[in-house]
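A.B. asks: Next come a sequence and a model predicted from it.
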Amino acid sequence: MLKSLTPNVVVHDVNETVEFYRDVLGFQLLTSVPETGKFNWAMMAKDGIKMMFQTRPSIVEDLAMFADAPIGASQTLFIEVTDVQALYDDLKNKVHIVHDMRDTFYGTREFYFEDCNGYVLGFSQTVENAAG
């Protein structure tokens with residue numbers, strides 16, 4: 001039945017967001033609308049993760065309920081990685097860390113940062129000797 005999940009998040013500026021995810025996280029642009037110029041929508045990917053970014057005016061054409069919804073929702077995008085320490089070391093001086101690296105009671109090492117739109121991304125790795 002279920003095959004995949006690809007978040008489509010509303011952003012202020014798709015081009016700026018594409019640059020952030022490309023330059024900071026190493027995502028690649030797969031496709032955009034339009035193909036060049038000022039994007040209304042884009043899909044990006046890195047490893048097995050895909051994300052879509054869309055402007056408010058563009059998404060409101062199909063889903064009017066997003067007309068007044070805040071950008072930078074009260075959610076996190078939680079991503080499991082293979083080397084959280086290396087990722088943290090690479091990103092800590094490039095992004096706004098909102099929760100520093102920690103070992104959790106549920107057996108992970110993780111940190112959280114805010115992207116250029118206010119969305120919070122958490123990166124996590126299962127560790128054998130985490131707290132708890």
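C.D. replies: That came through, no problem.
A.B. asks: Report the buried residues of the lengthiest helix in the chain.
C.D. replies: Longest helix of the chain, by residue count under DSSP state H: helix 14-25. Buried residues in helix 14-25, counted by 16 or more other Cβ atoms under 10 Å: V14, T17, V18, F20, Y21, L25. No exception for glycine: its C-beta is placed from N, CA and C like everyone else's.
A.B. asks: Tell me the helix or strand right after it.
C.D. replies: strand 28-33 (DSSP states H and E).
A.B. asks: Could you figure out how far the strand or helix carrying D89 is turned away from helix 14-25?
C.D. replies: If you go by DSSP H and E, D89 is part of helix 84-91. Orientation of helix 84-91 against helix 14-25 (axes from the mean of the first three to the mean of the last three Cα atoms, to 10 degrees) gives an angle of 120 degrees.
A.B. asks: which stretches of this protein have low pLDDT?
C.D. replies: Within the chain, the ranges that satisfy pLDDT under 70 run 129-132.
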